[in-house]
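Asks: Take a look and give me a structure for this.
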Amino acid sequence: MDSSLMNSSSSTVVTRFAPSPTGYLHIGGARTALFNWLYAKGHGGKFLVRIEDTDRERSTDEAVKAIFDGLEWLDLLGDEETVYQYARADRHREVAQQLLDTGHAYRDFLTADETGALRDAAKAEGKDFMSPWRDREPTAEDLQKPFTVRFRRPLDQAVVVNDAVQGSVRWESSSLDDLVILRSDGAPTYNLAVVVDDHDMGITHVIRGDDHLNNAARQSLIYDALGWTRPTFAHIPLIHGPDGAKLSKRHGAQAVHEYAEMGYLPEAMRNYLARLGWAHGDDELFDDEQAKAWFDFAGINKAPARLDFDKLAHVNAHWIRQADDQRLLDLVTEILASRGQPLDDTGRATVLRTLPLIKDRAKLVPELADQVQFALLANPISFNEKSQAMLQGENLDRLSRLREHLANTADWSVENLEAELKLFAKKEGVGFGKIGPSARAALTGGVPAPDIAKILVAVGRDNSLQRLDDALQQTK
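Replies: Sure, this is the predicted structure:
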């Protein structure tokens, strides 16, 4: 991909997510990708992905894979082929030469040690560092020596960036230094590469963390020097931990794959991350289509957002309730298999029957795997001490009568079973509190389970009657 990338209509919104492949896709990067995706999709535009792999020592194939695994899980893949920044180094050098040719850059023949010494001396005198090569014409002999290429910033000029989130931000050019744009080995540096790639990719809106705000000033000067139109910058505050401190390992999960492994659904993560630093009134729960329609820069907070695991769990619980049962079955099956509890076809059918009855009790997908255990018990089930205590004396006699009542019940739906259980309690002349505990004990052995009618449906008619028979037989 080269300068022919410039194929976007000026009226088309084009955003990009441009991670450095030096580690996993962290939660802050995921939110940046999401904001770019939402803005592009909400404006009928394109969302692109660029891998900024110019740091060859730290960039790894494993990190690239981790980034794409995270983006794929979140369903935030780019609309076009991924751009790899390192592969475009020749194009970056071409633009650096253009800046040299127009006087907006110069060759600096200072060694690293010389640069350090001059920088220290300038600092000691309270002055800004300025390379003596800024205004010196190199000789033919000089040109045989190693050199860097520096951007020749304008002096005594205000640099103003009208940021879509931060508002108008101003810098004095004297504070920005003459940025190295090519290293002595000819490798392009970050700020040059980013400007060239964003221009060539037709990026209209650069949405990124506010730790890049100072880069916007430097990059704006490069845009201006090249006669290119600046994109709209939108710098979003970073994510902090619940205590207000910068997010770190001590706050818990940071990587997107960790959230997937913990049992969060991708649509829940998109919902939660959209609300993490952005708001649409008081709306907390919304789907992708609503988010795309609503997302705008005006709703982005200027203060750092705080990660709140309780809110995330609440959002995830909502989307578990909304999720397709077949999809949840596949997720639960995978979790159970990882626990050494593979399901056969009968087991899968049991879980599928149970999920709609218990998914309102779970905040994480692994909790679903815990909640279905009562339905997967093999007969005869065993009883814990508390359950055994419930299967004594009068409780046992009443349980026997309940078994006969249920055996005469044909409609094995939750609604009908609830009615039949109430009818049975009325015939017994007692409140259901006198019946439920012993029935629960007989049907589950003390394993966590939902209401009795739901237990009966999940376990199934024949299996439920068999469990009641087993309980009556074992306790005689």
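
Asks: Show me what residue 14 is bridged to.
Replies: Taking DSSP bridges as the rule, residue 14 bridges to residue 46.

Asks: Distance of it relative to residue 298?
Replies: 21 Å (CB to CB, to the nearest Å). (C-beta placed from N, C-alpha, C; glycine too.)

Asks: Same check on residue 96?
Replies: 38 Å.

Asks: One more: residue 168?
Replies: To residue 298, residue 168 is 15 Å away according to CB to CB.

Asks: Next: residue 139.
Replies: Counting by CB to CB, the gap from residue 139 to residue 298 is 56 Å.

Asks: now do residue 173
Replies: Counting by CB to CB, the gap from residue 173 to residue 298 is 30 Å.

Asks: who's more crowded, those two?
Replies: Taking other CB atoms under 10 Å, residue 173 and residue 298 do not tie; residue 173 has more neighbours (16 against 10).

Asks: Let me know whether the more buried one touches residue 152 as I believe.
Replies: No. Contact criterion CB atoms under 8 Å: residue 173 and residue 152 do not qualify, at 10.7 Å.

Asks: Which residue comes closest to residue 250 once chain neighbours are left out?
Replies: Nearest non-adjacent residue to residue 250, counting by CB to CB, 6 or more residues apart in numbering: residue 241, 7.6 Å away.

Asks: for residue 45, same thing?
Replies: Nearest to residue 45 is residue 13, by CB to CB, 6+ apart, at 3.1 Å.

Asks: how far does stretch 44-63 sit from the chain's center?
Replies: Mean-position distance between stretch 44-63 and its chain equals 17 Å (CA atoms, centre = their mean, to the nearest Å).

Asks: May I have it exported as CSV, CA atoms only?
Replies: C-alpha atoms of stretch 44-63 as CSV (Å, rounded to 0.1, in the frame of the first residue of the first chain):
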residue,chain,number,x,y,z
GLY,A,44,-21.7,6.0,7.1
GLY,A,45,-17.9,5.9,6.9
LYS,A,46,-15.0,3.5,7.1
PHE,A,47,-13.1,2.1,10.0
LEU,A,48,-9.5,1.0,9.2
VAL,A,49,-6.8,-0.8,11.2
ARG,A,50,-3.1,0.0,11.0
ILE,A,51,-0.3,-1.9,12.8
GLU,A,52,2.4,0.6,13.9
ASP,A,53,5.3,-1.9,13.9
THR,A,54,8.2,0.4,13.2
ASP,A,55,9.8,-0.5,16.6
ARG,A,56,11.3,-3.7,15.3
GLU,A,57,12.9,-4.7,18.6
ARG,A,58,9.6,-4.6,20.6
SER,A,59,7.1,-5.6,17.8
THR,A,60,6.3,-9.3,17.7
ASP,A,61,4.1,-11.6,15.7
GLU,A,62,2.5,-12.9,18.9
ALA,A,63,1.5,-9.3,19.8
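
Asks: Where does pLDDT dip in this structure?
Replies: For the chain, applying pLDDT under 70 flags the ranges 1-10, 252-253, 475-476.

Asks: in which helix or strand would I find the residue positioned nearest the centre of the chain?
Replies: Here the mean C-alpha position of the chain is nearest to the C-alpha of residue 30 (CA atoms, centre = their mean), at a distance of 4.2 Å. Per DSSP states H and E: residue 30 is located in helix 27-42.

Asks: Now do the buried residues in that helix.
Replies: Residues 27-42 are the ones in helix 27-42 that count as buried (16 or more other CB atoms under 10 Å).

Asks: the strands in the stretch 151-300 of the chain, which residues?
Replies: 158-163, 167-172, 180-182, 205-209, 232-236, 239-240 (DSSP state E, counting those that start in this stretch).

Asks: How far off centre is the second one?
Replies: Spelled out, it's strand 167-172. On CA atoms, centre = their mean, the centre of strand 167-172 falls 31 Å from the chain's centre.

Asks: What residues sit buried inside that strand?
Replies: So, applying 16+ other CB under 10 Å, buried residues of strand 167-172: 169, 171.

Asks: now for stretch 456-466, what's the gap between its first and last residues?
Replies: 11 Å (CA to CA, to the nearest Å).

Asks: And for that stretch, what's in contact with it?
Replies: 350, 353-354, 357-358, 372, 374-375, 379, 403, 406-407, 412-414, 417, 443, 450, 455, 467 (CB atoms under 8 Å, 6 or more residues apart in numbering).

Asks: now those residues: which count as buried?
Replies: Buried among the contacts of stretch 456-466 by 16+ other CB under 10 Å: 350, 353-354, 357-358, 372, 374-375, 403, 406, 412, 414, 417, 443, 450, 455, 467.

Asks: who's in contact with residue 93?
Replies: Taking CB under 8 Å, 6+ apart as the test, what residue 93 contacts is 182, 186, 188.

Asks: Correct me if wrong: residue 418 contacts residue 450.
Replies: No. Between residue 418 and residue 450 there is no contact under CB under 8 Å: 11.9 Å.

Asks: What is the strand or helix carrying residue 396 packed up against?
Replies: Using DSSP H and E, residue 396 maps to helix 393-407. Judged by 3 or more CB pairs under 8 Å, 6 or more residues apart in numbering; DSSP states H and E, helix 393-407 is in contact with helix 414-428, helix 436-444, helix 461-474.

Asks: Throw those helices into TSV and include distance to residue 308, thanks.
Replies: Shown next, in TSV, are the helices and strands packed on helix 393-407 (distance: least, CB to CB, whole Å):
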stretch	distance to residue 308
helix 414-428	34
helix 436-444	34
helix 461-474	41
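
Asks: So which of those helices has the densest surroundings on average?
Replies: By mean neighbour count, with neighbours taken as mean count of other CB atoms under 10 Å, helix 436-444 ranks first of the helices and strands packed on helix 393-407 at a mean of 22.
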